[in-house]
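Participant: Give me coordinates for this.
(one chain, ligands or ions: 1)
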Amino acid sequence: MRNEPVVQIESLVKRYGDKTAVDGLDLVAGAGITAVLGPNGAGKTTTIETCEGYRKPDSGTVRVLGLDPLRQAEALRPRIGVMLQSGGVYSGARADEMLRHVAKLHADPLDVDALIERLGLGSCGRTTYRRLSGGQQQRLALAMAVVGRPELVFLDEPTAGLDPQARRATWDLVRDLRRDGVHAILTTHHMDEAEQLADDVAIIDAGKVIAQGSPDALCRGGAENTLRFTGRPGLDVASLLKALPPDSAAAELTPGAYRVSGTVDPQLLATVTSWCAQHGVMPEKISVERHTLEDVFLELTGKELRG
Ligand SMILES: Nc1ncnc2c1ncn2[C@@H]1O[C@H](COP(=O)(O)OP(=O)(O)OP(=O)(O)O)[C@@H](O)[C@H]1O
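Facilitator: The predicted structure is shown next:
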């Protein structure tokens, strides 16, 4: 694995007319898989396309594998893989021909037949691109992005519209690539995808990175967790609250159903059960809910991810 960042973006600004799509964005992506999450219009695609050399920044610097994607495009292109969304493909060509053609452009391509098999494209090799289903086009785009064994691959919503089986095949392939030392920048609207695949997650909102960290660190640090228990209705919640650390909250949601939120750690669990013991309460159905990336995202951006 490399020491130099895979992608390094400093103070990136990109405007379209009056619209500031990217607003002084800083991002350092290290080795492995970095997921870029953000609500619609947050500036993800613009940022990624700038890294791929398709867009010129208004200001700021972008380095990909240490290179400037515009001025050093020739040196960079063979080292990266880009998963294009349907565009840029001649729709009359056969799927297998297209993949073989792309493979020949590279010095040490992956085995095309194995890749076709892997992504479940075996049955559609002789089909022209325009006749492939949306999901098949998606998988072919992924195959074309990775067949040249790039050092870094940009995956723009790689599983959008795929059925669960194709989704899992895609995840397995991305994991295998990672194991082989391929780095990836992944945009996705699927939190479970980021949780499954990413070493690092950057959350973008309104053209800026507003949080970054491993899925675990974001879930632990960014949000409070919740402890729920049931017991006799009408417990003295104010007394329970007094026993808890200052950042906690406690409420009886429906008669006999209690919720405690705050920093839910083993100590807090012990405090709640010991308070119950002191008050002759047998807490039942105790559960601790760990916040998901989805919760963190919602708290930080106030927005739901597109489904
Ligand atoms: N070519 C363009 N001309 C004008 N405005 C644009 C253009 N491309 C993007 N925008 C605007 O810039 C903002 C950021 O768009 P961008 O596509 O980068 O966001 P995104 O996070 O990728 O969104 P999505 O999740 O919907 O793909 C949006 O408000 C969008 O409407």
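
Participant: contacts, neighbours, all on C-alpha from now
Facilitator: Will do.

Participant: Where does pLDDT dip in the stretch 151-300 of the chain?
Facilitator: Per-residue confidence of the stretch 151-300 of the chain (counting by pLDDT under 70) places the weak regions at 220-224.

Participant: residues from the protein in reach of the ligand?
Facilitator: Y16, A21, G38, P39, N40, G41, A42, G43, K44, T45, T46 (CA under 6 Å from any ligand atom).

Participant: now those residues as CSV including secondary structure, neighbour count and pLDDT?
Facilitator: Compiled in CSV, the residues of the chain next to the ligand are given as follows (DSSP: H, G, I helix; E, B strand; the rest coil; neighbours: other CA atoms under 10 Å; pLDDT from 0 to 100):
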residue, secondary structure, neighbour count, pLDDT
Y16, strand, 9, 96
A21, strand, 21, 96
G38, coil, 27, 87
P39, coil, 21, 85
N40, coil, 15, 86
G41, coil, 14, 89
A42, coil, 20, 91
G43, coil, 23, 94
K44, helix, 27, 93
T45, helix, 16, 91
T46, helix, 21, 94
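
Participant: For the protein, which segments count as strands?
Facilitator: Taking DSSP state E as the criterion, the chain contains strands spanning 7-16, 19-29, 33-37, 59-64, 80-82, 152-156, 183-187, 200-205, 208-213, 225-230, 249-254, 257-262, 284-289.

Participant: of all of the stretch 51-200 of the chain, which residue lies closest to the ligand?
Facilitator: Nearest to the ligand, among the residues of the stretch 51-200 of the chain, is H189, at 7.5 Å (CA to the nearest ligand atom).

Participant: For burial, what's the neighbour tally of that residue?
Facilitator: Here the count is done by other CA atoms under 10 Å, and H189 has 22 residues near it.

Participant: swap in L76?
Facilitator: The burial count assigned to L76 is 19, neighbours taken as other CA under 10 Å.

Participant: Surely it is in contact with G66?
Facilitator: No - under the criterion of CA atoms under 8 Å, L76 is not in contact with G66, lying 9.1 Å apart.

Participant: Please identify which of the strands of the chain is closest to A166.
Facilitator: strand 152-156 (15.4 Å; CA to CA).

Participant: Please work out how many residues are found near P255.
Facilitator: Using other CA under 10 Å, the number of residues around P255 comes to 12.

Participant: Looking at the protein, which helix is longest?
Facilitator: When every helix of the chain is counted residue by residue (DSSP state H), the longest turns out to be helix 164-179.
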